[in-house]
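Undergrad: any chance you can model this:
(chains A, B, C and D)
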Number of protein chains: 2
Amino acid sequence: MKATYSISELAEEFGITTRTIRFYEEKGYLTPKRNGTRRIYSPADRTSLRLILRGKRLGLTLDETADMIKMYGSPSGNQKQLEKFIVRIGEKRSELEQKRRDLEVMLSDLQSVEKKCHVALAEVAGRE
Amino acid sequence: MKATYSISELAEEFGITTRTIRFYEEKGYLTPKRNGTRRIYSPADRTSLRLILRGKRLGLTLDETADMIKMYGSPSGNQKQLEKFIVRIGEKRSELEQKRRDLEVMLSDLQSVEKKCHVALAEVAGRE
DNA sequence: TATTACGTTTACGTTAACGTAAAGTAAATA
DNA sequence: TATTTACTTTACGTTAACGTAAACGTAATA
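TA: Here you go, the predicted model:
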C-alpha cells in the first residue's frame, strides 16, 4: 500500500483526467498536501476520490456525495443532533433504496430482452 | 386506466414541470399526438416518460436511457445483428451491475453509521 | 546542457438538462 | 361577454462538471 500518490497516478488508476482531480480540489472536495508546488495525495485522499467517483456513477451530484462522505465520520453531538442525523440517514437510505429498485427492474427487463434474443437466434439458426 | 393524459397531468403525477416534458419531446424522446395544438399523451407515452425518469434517477443521460428503451423492442435482424445486440446487452448489464455493487456498499456504509448513531444515543441517554 | 516528462496556474469554452419570461391562443366558466 | 384556466411557441439564461489551451516551472535524462 503506497503512502503517497501523484496526481497522474491517481488519474490513471481511476481512469479520469488530472483536470478532473484539480476540479474536485477547486470545489473543496479534496485537499491534498503539497511538496513545493506539487500535489501529494495520501491514501485518505485516494479514498475520498474513490467515494466521489462512486457517487458519480450513481448519479449523485458532487455536493450530495460530499454530504455522504461527511456522514461517514463518527457521529457526535447531543441527543437532538443525533436524532436529526438519524433522520437524515433514513432519508438518504430511502433514496438509495429507490435507486436499487430501479436497478432491479432495469436488470430484469434487460434479462428478458436477452432471452428473447436467444430465442430469435435459435429461430434463425433453425432455418438454415 | 386512463386512455389519454394532458401535459400537466403527467407533470403532476411524476413531480416534474411541463417544461421538462416539452424538453424531452424537443429532443425526440417523446412524440405525443396532438389535438389541434394541444399535446395528447397515450399510456405508451406515459410509460416512456416513466422509463426516462427511471434512467435519470440512476444517473443515465437521456441518450443512454433512450438507447435502453430502444432495446426493449422485440429483437429482430439476422444472426450477426442479433449477436451484436446480445453483446450490447451484456455491456449494459455489467454497467448496471457495477452500479448495484456501488449501491450495496453505500447502503451498508450508511447502515453502519446508523448503528454508531444509536450507540452514541444510548451513551447520551445513559448519562442523564 | 538541451530536451523530455511531469507538474503548475489562469482563464475561457462546452454540453446536458432544464429554468424563466414574454407573448399569444382557445376553451370553459362567472 | 369578460375573464380565468390551461396550453402553446420562441428565445434567452443558468448550473454542474468538466475540456482545452496557453504560458510557465522544475527535475530527470539523453
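
Undergrad: pLDDT below threshold where in chain A?
TA: Filtered on pLDDT under 70, chain A yields the residue ranges A:128.

Undergrad: go again with 80.
TA: Along chain A, segments meeting pLDDT under 80 span A:1, A:126-128.

Undergrad: contacting residues for the residue nearest to A:Lys27 when sequence neighbours are not counted?
TA: Sequence neighbours aside, A:Leu62 is the residue nearest to A:Lys27 in space, at 6.4 Å (criterion: C-beta to C-beta, 6 or more residues apart in numbering or on different chains). Every residue, glycine included, has its C-beta placed from N, CA and C. Residues near A:Leu62 by C-beta atoms under 8 Å, 6 or more residues apart in numbering or on different chains: A:Tyr24, A:Lys27, A:Tyr29, A:Ile52, A:Gly55, A:Lys56.

Undergrad: can you say which of those residues are buried?
TA: Buried members of the contacts of A:Leu62, scored by 16 or more other C-beta atoms under 10 Å in any protein chain shown, are A:Tyr24, A:Tyr29, A:Ile52, A:Gly55, A:Lys56.

Undergrad: isn't A:Lys116 right next to B:Tyr72, touching?
TA: No - if you go by C-beta atoms under 8 Å, A:Lys116 and B:Tyr72 don't touch, sitting 9.9 Å apart.

Undergrad: my guess is A:Leu10 meets A:Tyr41, correct?
TA: Yes - at 5.8 Å, A:Leu10 counts as touching A:Tyr41 under the criterion of C-beta under 8 Å.

Undergrad: between the two, what contacts are shared?
TA: Joint contacts of A:Leu10 and A:Tyr41 (C-beta under 8 Å, 6+ apart) are A:Leu49.

Undergrad: show me where chain A has its helices.
TA: A:7-14, A:18-26, A:43-57, A:62-71, A:79-126 (DSSP state H).

Undergrad: near DNA strand D, which residues of chain A show up?
TA: A:Thr17, A:Arg19, A:Thr20, A:Phe23, A:Lys27, A:Gly36, A:Thr37, A:Lys56, A:Thr61, A:Leu62, A:Asp63 (C-beta under 7 Å from any atom of the strand).

Undergrad: can I get the buried ones among the contacts of A:Leu62 in a markdown table including distance to chain B?
TA: Output for the buried ones among the contacts of A:Leu62, formatted as a markdown table (distance: C-beta to the nearest C-beta, whole Å):
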| residue | distance to chain B |
| --- | --- |
| A:Tyr24 | 17 |
| A:Tyr29 | 17 |
| A:Ile52 | 12 |
| A:Gly55 | 8 |
| A:Lys56 | 8 |
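
Undergrad: next, format these as TSV and append distance to A:Arg93.
TA: Formatted as TSV, the buried ones among the contacts of A:Leu62 follow (distance: C-beta to C-beta, whole Å):
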residue	distance to A:Arg93
A:Tyr24	25
A:Tyr29	22
A:Ile52	20
A:Gly55	15
A:Lys56	19
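
Undergrad: wait, which of those is closest to B:Ser112?
TA: A:Gly55 (17.3 Å; C-beta to C-beta).

Undergrad: now do the contacts for the closest one.
TA: Going by C-beta under 8 Å, 6+ apart, A:Gly55 touches A:Leu62, A:Glu64, A:Thr65, A:Met68, B:Met106.

Undergrad: if I look at the closest residue to the last one other than its chain neighbours, how far off is B:Leu121?
TA: With C-beta to C-beta, 6+ apart as the criterion, B:Met106 has its nearest non-adjacent residue at 5.9 Å, and that residue is A:Leu96. As defined by C-beta to C-beta, to the nearest Å, A:Leu96 lies at a distance of 22 Å from B:Leu121.
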